[in-house]
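S.K.: Pasting the sequence and the predicted model now:
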Amino acid sequence: MAIDPYAPIFVISVAAELAEMHPQTLRQYDRLGIVSPSRQGGRQRRYSQRDVETLREVQRLSKDGVSLEGIKRILELENQVTALRARVTELQAELANTRRVPDPRRIFAAGIAGDVVSLARGQRPEPRPGALVLWSPQR
């Protein structure tokens, strides 16, 4: 059974040790909104495996000379890209599903004015009021 990488399981001391940082650094990152862990009932911070990976990424960026504000922005953009990729995947699946199962009730035709209209099978577009009707179905 695999551990959920988003499950908040590590207390601050364990997360700090795993990320090779001081617990006070984790508190500062939490205050700045860089890495915000889950909170338990007594307001105790709980970090997930994903949070620890993010802390390691913050540490790497910091060593490369990126400011904390820059790191925060980078992480926000990475999260946005991840969310957008997930949305694209959802939309692609929805589109593929729509193409696979055509709706037999939907038929499209050119309306009198040249517009596209949706009709039920066996139905014809209604003529516009006052338009010259050359053919009319029996009603």
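M.R.: Ah, there it is.
S.K.: Could you list every helix and strand that the longest helix that the chain contains packs against?
M.R.: Across the chain, the longest stretch assigned as helix under DSSP state H is helix 68-100. Other helices and strands packing on helix 68-100, by 3 or more C-beta pairs under 8 Å, 6 or more residues apart in numbering; DSSP states H and E, are helix 49-63. In short, each C-beta sits where N, CA and C put it, glycine included.
S.K.: how about the helix it packs on: buried residues?
M.R.: Gln49, Asp51, Val52, Thr54, Leu55, Glu57, Val58, Gln59, Leu61 (16 or more other C-beta atoms under 10 Å).
S.K.: now do stretch 25-33
M.R.: Thr25, Leu26, Tyr29, Asp30.
S.K.: Equivalent analysis for stretch 64-75, please.
M.R.: With burial defined by 16+ other C-beta under 10 Å, the residues of stretch 64-75 counted as buried are Ile71, Lys72, Leu75.
S.K.: State the mean pLDDT of that stretch.
M.R.: Over the span of stretch 64-75, the pLDDT mean works out to 96.
S.K.: So which residues make contact with it?
M.R.: Leu32, Gly33, Ile34, Thr54, Glu57, Val58, Leu61, Ser62 (C-beta atoms under 8 Å, 6 or more residues apart in numbering).
S.K.: Restrict that stretch to CA atoms and write it as CSV.
M.R.: The C-alpha coordinates for stretch 64-75 follow below in CSV (Å, rounded to 0.1, in the frame of the first residue of the first chain):
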residue,chain,number,x,y,z
ASP,A,64,21.1,29.2,-6.4
GLY,A,65,20.6,32.8,-5.2
VAL,A,66,16.8,33.2,-5.7
SER,A,67,15.2,35.5,-3.2
LEU,A,68,12.3,34.2,-1.0
GLU,A,69,9.8,36.4,-2.9
GLY,A,70,11.1,34.9,-6.2
ILE,A,71,10.9,31.4,-4.8
LYS,A,72,7.3,32.0,-3.7
ARG,A,73,6.4,33.2,-7.2
ILE,A,74,8.2,30.3,-8.8
LEU,A,75,6.2,27.8,-6.6
